[in-house]
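[1] sequence and computational prediction follow.
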Amino acid sequence: MKKFAVILSGCGVYDGTEIHEATMSMLAIDQHNAQYTLFAPDVDQAHVINHITKQPSDETRNVLVESARIARGNIQNLKDFDASAFDALLIPGGFGSAKNLSDYAFKGSAMTVNHDTEIAIKAMYAAGKPIGALCIAPVILAKLFDGCVVTIGNDNSTANNIDQMGSHHKTNAVSEITIDEKYKLVTTPCYMLGTRISEIYAGASMVVEALLKMMSA
């Protein structure tokens, strides 16, 4: 049975993992008769957002602890990630990928990537294993893999930032994926474009299917 590692970035679209994208990814992996293990870095969130008012809240939360909510407690510290134990890596979106797994939301093309996240991604690449990313998370791949091709949909500002990093953006519809054969990357827009949860599942499922095909190539 093929094994996926999934990196979460908190719990909630505005300051962590987009919960629908995480859930639909796990469902897609399970429905394709594969297994998943959830990981998150043990760091404080960049900030906490009240998801009703969409305003910052005066509190501190931990990315690993918050991600455990999605994982029903069954989650591992990303610093303990071992690429040899997995066949593919998948990163759902949500602002957490741009605030906690990286600082793209604050620095744009001058972004940096969380240390443990970068190590995990590069370890999978070094092992020749495929990597998927949803929504805004592909900016992390654009930063780490010079000249790679990814999609976040059709947002011009983000596309320009990806180009400024030295990578390339491909405009996609919500139901489409972009595959970079050189780096073994699969990306899709999800909630960068989608409005229905069925669209999110369709995108996540297509990414999972493409990653599985890459494993067998």
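    Perfect, thanks for sending it.

[2] show me the contacts for the residue lying farthest from the centre of the chain.
    Among residues of the chain, the one most distant from the C-alpha centroid is residue 58; the distance is 26.5 Å, by CA atoms, centre = their mean. When contacts are counted by CB atoms under 8 Å, 6 or more residues apart in numbering, residue 58 touches no other residue. C-beta: built from backbone N, CA, C; applies to glycine.

[3] now it: how far from residue 45?
    As judged by CB to CB, to the nearest Å, residue 58 and residue 45 stand 13 Å apart.

[4] do residue 32 as well
    In terms of CB to CB, residue 32 sits 31 Å off from residue 45.

[5] for the residue nearest the centre of the chain, what are its contacts?
    Geometric centre of the chain, nearest residue: residue 91, 2.4 Å, by CA atoms, centre = their mean. The neighbours of residue 91, taking CB under 8 Å, 6+ apart as the test, are 6-7, 97, 101, 131-134, 137, 140.

[6] phi, psi for it please.
    phi -120, psi 110 (degrees, to the nearest 10).

[7] buried set for stretch 50-59?
    By neighbour count with 16 or more other CB atoms under 10 Å, stretch 50-59 contains no buried residues.

[8] packing partners of the longest helix anywhere in the chain?
    Using DSSP state H, we find that the single longest helix of the chain is helix 197-216. If you count contacts as 3 or more CB pairs under 8 Å, 6 or more residues apart in numbering; DSSP states H and E, helix 197-216 packs onto helix 19-31, strand 88-91, strand 131-134, strand 185-188.

[9] got those as CSV, with mean pLDDT and distance to residue 64 columns?
    Shown next, in CSV, are these (pLDDT from 0 to 100; distance: least, CB to CB, whole Å):
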stretch, mean pLDDT, distance to residue 64
helix 19-31, 98, 14
strand 88-91, 98, 15
strand 131-134, 98, 20
strand 185-188, 98, 25
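
[10] returning to that earlier point: which strand residues bridge the residue nearest to the centre of the chain?
    Note on residue 91: beta-bridge partners by DSSP bridges are residue 133.
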